[in-house]
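>>> With the sequence up front, the predicted model follows.
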Amino acid sequence: MTKLVVVYHSGYGHTQKQAEAVRAGMASVADSDAELMPIDEAGELSDDNWETLAAADAIVFGSPTYMGSVSWQFKKFADASSKIWFEQGWKDKLAAGFTNSASMNGDKLSTLHYLFTLAMQHSMVWASAGMMPANSLAADRNDINYLGAYCGLMAQSPSDADTSQGPLPGDLATARQFGERIAQLAKRWRC
C-alpha cells in the first residue's frame, strides 16, 4: 500500500478544503492510504506526525499564500524539518505542493517556489501539476486548471468568501485530479 500524506496549514479554512480535495483524489486511487496532517496554529506537529511523514512514500505540502509566501505556521514546520534534512530522511520521497490566495495571482507562484525549494533541500523528487490549463476563449472559471499552474496546484478564494464559497468548484476539481496524479506517480515511484 502506498502511504501518502498531505501536510498543510490553513488559516481560514480555504486551504483545508483544498487539502481535503487533494486527499480525496489520492484516496480514490487503489492501494493508496492518504492522510491529512494539519499544522496547528502554533506551527507544530506531534511526534507521531513526524513519524508518519518519515514512513510516507509521498508528501504533499500545502499553505495559503500570505504576503507572497507560505504562512508563518508552515514556515515554522519547514524550519523544524531541518533535523530530518540533516539526516536526509526524506531523500527520494515524492513531493508536490499547493496553495490558495484571495487574488487570482496573489503571488501564489512564490509560495509554490518556496515549497519546491523545501523539497529540493530535502533531496525529494518534485511532481508537477501534470495538467493542461484552461486557456481558450471558451474557458470557464470552473474548468480544470483555470489558473494555469504547472509547478504545483493553485486555488483562489475571494477575501470575503467563507469556506462554503471558496475555493471555487473548478479549483476543488483540479485539486482532486492533482491528488489522483500524485497517488498514481507515488505507486509508480515505489516500483
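Structure received.
>>> And the strands in this protein?
For the chain, applying DSSP state E gives strands covering 2-8, 32-38, 58-64, 94-101, 125-126, 153-156.
>>> Report the spatially closest residue to residue 92, excluding sequence-adjacent ones.
Take residue 92 and drop its neighbours on the chain: the residue closest to it by CB to CB, 6 or more residues apart in numbering is residue 125, 6.3 Å away. Placement of C-beta: from N, CA and C, glycine included.
>>> and that neighbour, how many neighbours?
15 (other CB atoms under 10 Å).
>>> Residue 127 now?
Residues lying near residue 127 (other CB under 10 Å) number 22.
>>> For it, give its distance to residue 187.
Residue 127 sits 12 Å away from residue 187, taking CB to CB, to the nearest Å as the criterion.
>>> Pull the contacting residues for the residue nearest to residue 183 when sequence neighbours are not counted.
Spatial nearest neighbour of residue 183, chain neighbours left out: residue 29 (3.7 Å); criterion: CB to CB, 6+ apart. Going by CB atoms under 8 Å, 6 or more residues apart in numbering, residue 29 touches 2, 180, 183-184, 187.
>>> Compare those and tell me which is most surrounded.
residue 183 (28 neighbours).
>>> so that one makes contact with residue 24?
No. At 10.5 Å, residue 183 does not count as touching residue 24 under the criterion of CB atoms under 8 Å.
>>> Can you tell me the number of residues neighbouring residue 59?
27.
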